[in-house]
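no sequence for this one, just the structure:
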């Protein structure tokens, strides 16, 4: 194979490896086995250029396997973890992904895996083409559009062939093949509609057998798609509307989603625009949906319309008509609702409750676990549970006994108490339970991984502490939705801060263990969770209270608070009363500098809440790019240039930013020059006042389009003297002399040229340095001069074409000292644009 590939593909080959992994064998050393096989495969190639780096892992299982389904499920979860862990490991930079199904000998599944692999290769080819640095005029267009058409035809043909099988067909495998075929068909292609309908038919068959929520959701999506593809005069449009109505009604009965109900109303209106076979029945269906809308949303207009529509249905059914009594009973029921609604006088209080609930849930997580039932609830389901609760009934009963102010206070208190929730802070492990694993299920009825057991234990802790709502970052977020991820990351600090309690689970701390030894203190996201939470309780590996401390809030225990301070290096006042924002940004970066995240870019995203910033989330961007965007936002909004005080490697986004957080582990320290007011008499005050005015007019630093505009006082270099021989091929030591500064030594990773006007030493300017003139002008001016006299860490800047600059990173801090206070009066002010 190696000889053949190397002879055929002399240029870059778009290919990938199909790796079959048996679930029937023990997976305890699976990742080692996978890595060994891949490295052995790669070593057979003399030219590494031809070795595919993309690996597509297909789980396999013997059709007659005797292993319990629970064991296979656990091994599949372990395989997913191993696949993620293998990325970037070994001698080569492997990029692994996993097939969503399990191959048990079915040809349908085999074709599905092959098609997805071919699609992956086509996408990789297009991506490389778009990323090519060659001029557009010299690039050949990629062949992936043609490839997609071939794959479309192949997938569609296979789907039709297997769909038409009458015996020995595997429904799950055929559905997966249909889903893949649908991916290849463009939205405007005439074949898309028939594929949508055929795939929906198969899913409907499986849903009738298994009643799975995910099948119901996909059925609704497919029926919607088919309806959008269908002309208004298509004969099959009317039956399709009714089928979509049925499935939405089924989901509404399960979840009570207001959005589904609104769509049902729209569909039943659309059905009436056609020529239904039974118009009275169609009218009654619409009236029934409108009545439900009134019950769920308290919309009087919906009730009035339900009455009007049911009257229209009754008018079409003369006495003796089969549906006459049905129409009459519907109308009587809706009129009875109207009479009772007026008599109760509860409409106003319902609106007050509705508004208060709406305001409340906007500030809590999108999904919460209901601890008494173990069911995950979105916001609609949370509202539905509240409206069916004794608390809601009690509030309705207050209408006649209290005035408006008293009712409003009661409503707010009841709603705040009802929607109290508890949050989990923990170190992610293998086999964590995700949204798709528990959606529509009771978590207490499930068996599975350690992650599921952790979730169950957490919910039981919440229940015992009298909290009916709980939130975990594992299963309460739809990580497949970029919009929801964006909202969640932007809101997570607030959610932890608003929670009544945060349970900190330390899976690696025994009952008699040390708090500081836990890996929890090294993870990026847990810093935000610790600072945001007003109250925390720590649990050890077996869900025992840490050190048997039974305090309601472990932050209130003096001994435990001391342990937290020692473990984190964060002062007690920040641990107990932290305020998000940009004050003392350098210290906040130091707290995070020794922490790590599984996804490199998360180290920046995990700090968004701490700095109170909202920036776009781009999973897949580099960690240094994400960190650079955060640092740029901090500087632009606060002007705090202390974040530029670092030593290390520069970021590719901007040379003024570090490549990661590690340089912030050290804290800058200077030996300050004491104040001496006797020197005032020897200064040229007029000259000093001019400098003060120039500094006062300087704008705040800002970061736009990867350029940092940095107001500074600058010191042009006057001499560059090499010191001895380079310590290594990439290390050069110089004595540097600059105007108004004492000589200093620096070690750099680059060699400086002899052109002195190319370099300057810059002192970034922070607007907060200027004190407001509350007394005499002379005092304010003198205070600025004393501040400018202090030692500072300078930035070595190199002038580039087009009036831009680049920072030259140094192996140590460039601590600069002013020659004397009088030389400050000749300071040069510059606003360089640094790239």
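Perfect, thanks for sending it. Quick caveat, the model's predicted, so the values are computed rather than measured.

contacts and neighbour counts: CA atoms only from here.
OK.

any chance you could list what contacts the longest strand along the chain?
Assignment by DSSP state E gives strand 712-722 as the longest strand of the chain. Strand 712-722 is contacted from outside by 732-741, 754, 756-757, 759-765, 827-832, using Cα atoms under 8 Å, 6 or more residues apart in numbering.

got the buried residues for it?
712, 713, 714, 715, 716, 717, 718, 720, 722 (16 or more other Cα atoms under 10 Å).

so which of those residues would you say is closest to residue 365?
residue 712 (43.8 Å; Cα to Cα).

re the thing from before, could I get the buried residues of strand 712-722 as a markdown table with pLDDT and distance to residue 501?
Below are the buried residues of strand 712-722 laid out as a markdown table (pLDDT from 0 to 100; distance: Cα to Cα, whole Å):
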| residue | pLDDT | distance to residue 501 |
| --- | --- | --- |
| 712 | 94 | 46 |
| 713 | 93 | 49 |
| 714 | 94 | 51 |
| 715 | 94 | 53 |
| 716 | 94 | 56 |
| 717 | 94 | 57 |
| 718 | 92 | 61 |
| 720 | 92 | 60 |
| 722 | 90 | 60 |
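
strand partners of the longest strand of the chain, parallel vs antiparallel please.
Strand 712-722 has these partner strands in its sheet, going by DSSP bridges: strand 732-738 (antiparallel), strand 759-764 (antiparallel), strand 828-830 (antiparallel).

now do the spatially most central residue of the chain against residue 366, distance only.
Nearest residue to the geometric centre of the chain (Cα atoms, centre = their mean): residue 485, 3.4 Å. For residue 485, the distance to residue 366 (Cα to Cα, to the nearest Å) stands at 11 Å.

and residue 754, by the same measure?
61 Å.

next: residue 479.
For residue 479 relative to residue 366 (Cα to Cα), the value is 13 Å.

most neighbours per residue, which of the strands paired with strand 712-722?
Counting by mean count of other Cα atoms under 10 Å, strand 759-764 has the highest mean neighbour count of these, with a mean of 24.

more crowded one of residue 479 and residue 366?
residue 366 (20 against 17; other Cα atoms under 10 Å).

my guess is the more buried one meets residue 376, correct?
No: if you go by Cα atoms under 8 Å, residue 366 and residue 376 don't touch, sitting 10.5 Å apart.

hey, what's in contact with both of these two?
residue 476.

so where do the strands sit in the stretch 301-450 of the chain?
Using DSSP state E, counting those that start in this stretch, the strands of the stretch 301-450 of the chain run over 367-370, 375-378, 421-426.

reformat those as TSV; add distance to residue 208.
Formatted as TSV, the strands of the stretch 301-450 of the chain follow (distance: least, Cα to Cα, whole Å):
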stretch	distance to residue 208
strand 367-370	27
strand 375-378	22
strand 421-426	36
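
hang on, residue 580 packs against residue 607?
No: Residue 580 is not in contact with residue 607 according to Cα under 8 Å; the separation is 9.9 Å.

neighbour count: these two, which is higher?
residue 607 (23 against 19).

what's the weakest-modelled helix or strand in this structure?
helix 2-8 (a mean of 63; mean pLDDT, DSSP states H and E).

residues near residue 407, how many?
When neighbours are counted by other Cα under 10 Å, residue 407 comes out with 20.

need the per-residue pLDDT for it.
On the pLDDT scale, residue 407 is placed at 87.

what's the answer for residue 377, then?
For residue 377, the predicted pLDDT is 95.

would you mark the buried spots in stretch 151-163?
Quick answer for stretch 151-163 (16+ other Cα under 10 Å): 151, 152, 155, 156, 158, 159, 160, 162, 163.
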